[in-house]
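Undergrad: build me a model from this:
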Amino acid sequence: MSHTAPTASPFPVQALPSWRRAVLKVGSSLLAADGGGLSPRHALGLAQFVSAHVQTGREIVIVSSGAVAAGRAIVPRAAEAGAAMAARQALAALGQAQLIALWQRFFERPVAQVLLTHDDLRNRRRYLNARATLGELLRLGALPVVNENDTVSVDELKLGDNDNLAATVAALVDAEALFIATDIDGLYSADPRTDPSALPIAEVPELTAQVLAMAGGSGSAAGTGGMRTKLEAAAKAGRLGIETFLFNGRNAEVVRALARDQLYGTRLRAAQSRDAARKYWLRHAPLEPGVIRIDAGAVQAMRGNGASLLPGGVVDAEGGFRRGDMVEIRCREQADVLIARGITQYAANDIRRIAGCHSRDIEGLLGYNYGGNVVHRDDLVLV
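TA: Predicted structure coming up:
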C-alpha cells in the first residue's frame, strides 16, 4: 500500500530504525489553546501515534509541557509584580491535573503522572528510584507522563526546558529513540520563518558547531525552548547512543506516518551505539571507595553467563558506600584482581547483612528490598 507525502512537508520520507522503547516530547506550543488553557487538537494525533506503537508491544514515555499554560486559563488574572516564580509555581500546581486529564482522555490504559526535579536527576540514589518507578509503570502497562516539578523547583536549580528533560528521561529508561514534536517541520539551514532560502536538513550524522549555529530562537510564546535546546537535547541523547527525531506535531499526516515507522522530519544520529555508550560510561564513571567481595561461583556466572550479581554469591562488602554508587567487584580468592565494576542496588551495610542469602530472603532480613540483584547485569561491566 502506497502513501502520499504529507501536505506541505518539504522533507523526504525516511524509514525509522528499529526501536523498542522511546520517549516522546510534546511542547506547550502543541497543547496550548489560542484563548488560553489546553487544546486536544494536536494532542489527539500524537496520542494515536503512541497507541499504535504500544499495541505492537513497544513502550513510550511522554514528556509533556503545558501545566503552566493550563493553570493560566484557570486563574487568568495577572501575577503580582515581584512574584513571578511563585506565580509560575502556583499556575503549574493548578494546571498539572488538567494536563494529565488531557492525556488520560485519549487512552484506555492508565496514565501516570511523574514529576521530576533537578535533584531527582543529579542525585544518584534518587535517579535510581525514578528509574525503578518508570520501569515498573511500563511493566504494569501504564503510560508515564513526565514533567518538571515546577511547583517546588527554584530558579537556580531548574532543569530549564523539557527538551533536555526528555533527553535525560530517555537515558533514565534506556530508550533507543527520542521523538521531539515541534511546531516546524524539522531542522533547516537557517530559520525558515525569516529566511526564505532556508533548506530542510533531513539527516544530521554529527552535531557539529556549524549545525548548532543553524538553530533559531523559540518559536512560540507558550514554550521555553527553541530549536537550539532541541539540538542540545539531541547531542545529550546522542552521547548515550540514543537517536533523536524532530517532526512537525501540528501536521496530522506527518504524525500518522510516524505510526507506520516513516519520518518526515530530521533524523539526528547518535555518536555511537546505545550499548557501547553505556559500557563506556560504566567503565569510566568515578568509583566510590569500597569493594564488594564475591566467591568463585559468582565470578563464573558473571564472566561465563553474563549474569547479574546476586546476594548468594556475595561474601562481604568493604567501605561505607551507598545505594547507587559505582564500586569495584573483586573475588575473595584473588583479592588483587578486579573482576568488574558496577552500580550497587544496596548500601555496604545492607550487603553485609544479606551476603550469602537467597534473593527471596532480602526483605525478611532488611525489612525492604530494591530487587533481587546486588548489581544488575545492565549496571555492571567486566574488567
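Undergrad: in the chain, where's the longest helix?
TA: helix 84-104 (DSSP state H).
Undergrad: show me which residues of that one are buried.
TA: By neighbour count on 16 or more other CB atoms under 10 Å, the buried set for helix 84-104 is 87-96, 98-100, 102-104. For the C-beta atoms, the positions are set from N, CA and C on the backbone; glycine is no exception.
Undergrad: identify the bridge partners of residue 244.
TA: residue 178, residue 268 (DSSP bridges).
Undergrad: for the longest helix of the chain, name the packing helices and strands.
TA: When contacts are defined as 3 or more CB pairs under 8 Å, 6 or more residues apart in numbering; DSSP states H and E, helix 84-104 packs onto helix 43-54, strand 59-64, helix 67-74, strand 111-116, strand 143-148.
Undergrad: swap the cut-off to 7 Å and go again
TA: Contacts defined by 3 or more CB pairs under 7 Å, 6 or more residues apart in numbering; DSSP states H and E place helix 84-104 against strand 59-64, helix 67-74, strand 111-116, strand 143-148.
Undergrad: run the chain-centre distance for the last one.
TA: Read it as strand 143-148. Counting by CA atoms, centre = their mean, to the nearest Å, strand 143-148 is centred 10 Å from the centre of its parent chain.
Undergrad: related to what we said a few turns ago, and the buried residues of helix 84-104, which two are the farthest apart?
TA: 87 and 104 (26.6 Å; CB to CB).
Undergrad: OK, contacts around residue 130?
TA: By CB atoms under 7 Å, 6 or more residues apart in numbering, the residues touching residue 130 are 116, 120, 172.
Undergrad: same thing but 10 Å
TA: Contacts for residue 130 (CB atoms under 10 Å, 6 or more residues apart in numbering) come out as 114, 116-117, 120-121, 123, 146, 168-169, 172-173.
Undergrad: and what of residue 115?
TA: Here residue 115 is in contact with 67, 92, 96, 145-153 (CB under 10 Å, 6+ apart).
Undergrad: ok, these vs residue 53, which is closest?
TA: Closest to residue 53, out of all of the contacts of residue 115 and judged by CB to CB, is residue 145, at 15.8 Å.
Undergrad: roughly how far does that closest one sit from residue 348?
TA: 36 Å (CB to CB, to the nearest Å).
Undergrad: which members of the contacts of residue 130 are classed as buried?
TA: By 16+ other CB under 10 Å, these give 114, 116-117, 120-121, 146, 168-169, 172-173 as buried.
Undergrad: so who does residue 247 touch?
TA: By CB under 10 Å, 6+ apart, the neighbours of residue 247 are 6, 9, 11, 49, 179-182, 184-186, 254-255, 257-258, 263-267.
Undergrad: how about the helix or strand containing it as PDB, C-alpha atoms only?
TA: Applying DSSP states H and E as the criterion places residue 247 in strand 243-248. Taking C-alpha atoms only, strand 243-248 is exported to PDB below (Å, rounded to 0.1, in the frame of the first residue of the first chain):
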ATOM      1  CA  GLU A 243      18.900   8.800  18.100                       C
ATOM      2  CA  THR A 244      16.600  11.900  18.000                       C
ATOM      3  CA  PHE A 245      13.800  12.600  15.500                       C
ATOM      4  CA  LEU A 246      12.400  16.000  15.000                       C
ATOM      5  CA  PHE A 247       9.000  16.300  13.300                       C
ATOM      6  CA  ASN A 248       6.000  18.700  13.000                       C
END
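Undergrad: closest one of the contacts of residue 115 to residue 354?
TA: residue 146 (32.3 Å).
Undergrad: please name the bridge partners of the closest one.
TA: residue 63, residue 114.
Undergrad: and the gap between it and residue 255?
TA: 20 Å.
Undergrad: rewinding a little: lowest-confidence entry in the contacts of residue 130?
TA: Least confident of these in the model: residue 123, at 73.
Undergrad: my guess is that one meets residue 325, correct?
TA: No. Taking contacts as CB atoms under 10 Å, residue 123 lies outside contact range of residue 325: 11.6 Å.
Undergrad: now residue 17: phi and psi?
TA: When read as degrees, to the nearest 10, the backbone of residue 17 gives phi -70, psi 160.
Undergrad: now do the end-to-end distance for stretch 19-38.
TA: 30 Å (CA to CA, to the nearest Å).
Undergrad: just how off-centre is that stretch within its chain?
TA: For stretch 19-38, the separation from the chain centroid amounts to 15 Å (computed by CA atoms, centre = their mean).
Undergrad: pLDDT weak spots in the stretch 101-250 of the chain?
TA: 153-160, 216-225 (pLDDT under 70).
Undergrad: residue 164: which of the contacts of residue 115 is nearest?
TA: So of the contacts of residue 115, ranked by how close each gets to residue 164 (CB to CB), first place is residue 148, at 9.9 Å.
Undergrad: and residue 170, that one's in a strand?
TA: No. If the criterion is DSSP: H, G, I helix; E, B strand; the rest coil, then residue 170 is helix and not within a strand.
Undergrad: dump the residue contacts of it.
TA: Taking CB under 10 Å, 6+ apart, one finds 21-25, 61, 63, 176-179, 233, 236-237, 240, 242-244 in contact with residue 170.
Undergrad: quick one: it from residue 144, how far?
TA: Counting by CB to CB - residue 170 and residue 144 are separated by 12 Å.
Undergrad: overlap in contacts, those two.
TA: In contact with both residue 170 and residue 144: 23, 61, 63, using CB under 10 Å, 6+ apart.
Undergrad: excluding its backbone neighbours, what's nearest the first one?
TA: The one in question is residue 23. residue 170 (4.3 Å; CB to CB, 6 or more residues apart in numbering).
Undergrad: and the residue of the chain most remote from its centre, what element?
TA: Most distant from the centre of the chain: residue 333, at 40.4 Å, with distances by CA atoms, centre = their mean. Using DSSP H and E, residue 333 sits in no helix or strand.
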